[in-house]
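**Q** give me a 3D structure for the following:
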Amino acid sequence: MAGWKAGKIYIDMSTNSPSVIRKIARDAGNMGVEVLDAPVSGGTAGAESGRLSIIVGGKAETLARVREVLEAMGILIVHVGEVGCGNIAKLINNMIALSCSQVTVEGMVLGAKAGIDVQKLREVIRNSTGNSFFAEHGLPQVFAGDFEPGFRIELAIKDLGLALGMAKEYNVPTRLGAAAEQDLIIARASGLGEKGVQSVIIPLEKLANVTVRAPKSN
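**A** As a prediction, the model looks like this:
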């Protein structure tokens, strides 16, 4: 804020509490500064390739003034409403994605334990109603034993905590999101906090005494 001057635009690209970014926007407004919240989706690969999705809250006319800046980083820029709405959309997206990933790893561990070829199981899921981003992109990493981070467990817990905090603020039950948070906390307690979210499968594999690994997949 020390560097802000009237007429400037502040773009906050962190994943943050909508209430916090709205307080920042009120403080900025008192100084004549416009605020956009613009969290991103696309992970490390999207950041490195400049192919992020950028979710923007704030005035449409303010976004128009800085669109070229954001286009240098992202291929999809979606204006979702007033300031704070960018983070609302991002947190809900992450809550859905992380909940889907958890039920997917449960299914894969069950499948391995029950004796089905996990590659064949994934093929069925990918071409059926159980498909998800995690089934497409996370399971190949699990099969290969690659648990290095694109999206770290530690950050996932932070984002889910923000989403669940927002749910409490608006008095909306989010039981599945809360269960996914607990599974991530178990993974962190197992020493996996700096690993990728796909590593949530490891504690479950240990409990079930089975390993979900397979030859290289597409």
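
**Q** which secondary element of this protein has the worst mean pLDDT?
**A** The helix or strand of the chain with the poorest confidence is helix 43-49; it has a mean of 86 (mean pLDDT, DSSP states H and E).

**Q** ok, the longest strand seen in the chain: who's next to it in the sheet?
**A** The residue-count maximum for a strand in the chain (DSSP state E) belongs to strand 74-81. Pairing partners of strand 74-81, with direction, according to DSSP bridges: strand 52-57 (parallel).

**Q** now the strand it pairs with: mean pLDDT?
**A** Mean pLDDT, computed over strand 52-57, is 97.

**Q** hmm, who's touching that strand?
**A** Residues from elsewhere that reach strand 52-57, judged by C-beta atoms under 8 Å, 6 or more residues apart in numbering: 13, 21, 36-42, 46, 63, 70, 73-90, 93. All C-beta atoms are positioned from the backbone trio N, CA, C, and that covers glycine.

**Q** same question for stretch 59-75.
**A** 9, 11, 34, 36, 38, 40, 42, 46-47, 50-54, 56, 77, 79, 82-83.

**Q** report the next helix or strand after the longest strand of the chain in sequence order.
**A** Using DSSP states H and E, the helix or strand that follows strand 74-81 in sequence is helix 85-114.

**Q** just how off-centre is that following helix within its chain?
**A** 10 Å (C-alpha atoms, centre = their mean, to the nearest Å).

**Q** next, the angle from it to strand 74-81.
**A** Interaxial angle, helix 85-114 versus strand 74-81 (axes from the mean of the first three to the mean of the last three C-alpha atoms, to 10 degrees): 120 degrees.

**Q** pull out the buried positions in the next helix-or-strand element following helix 85-114.
**A** For helix 85-114, the following helix or strand on the C-terminal side (DSSP H and E) is helix 118-126. Buried residues in helix 118-126, counted by 16 or more other C-beta atoms under 10 Å: 118, 121, 122, 125.

**Q** check which element follows helix 118-126 along the chain.
**A** Counting by DSSP H and E, the next helix or strand C-terminal to helix 118-126 is helix 133.

**Q** averaged pLDDT, that next one. What do you get?
**A** 94.

**Q** immediately after it, which helix or strand?
**A** Following helix 133 in sequence order, the next helix or strand is helix 139-144 (DSSP H and E).

**Q** tell me how far the most centrally placed residue in the chain lies from residue 180.
**A** Geometric centre of the chain, nearest residue: residue 94, 3.6 Å, by C-alpha atoms, centre = their mean. Noted for residue 94: a distance of 10 Å to residue 180, by C-beta to C-beta, to the nearest Å.
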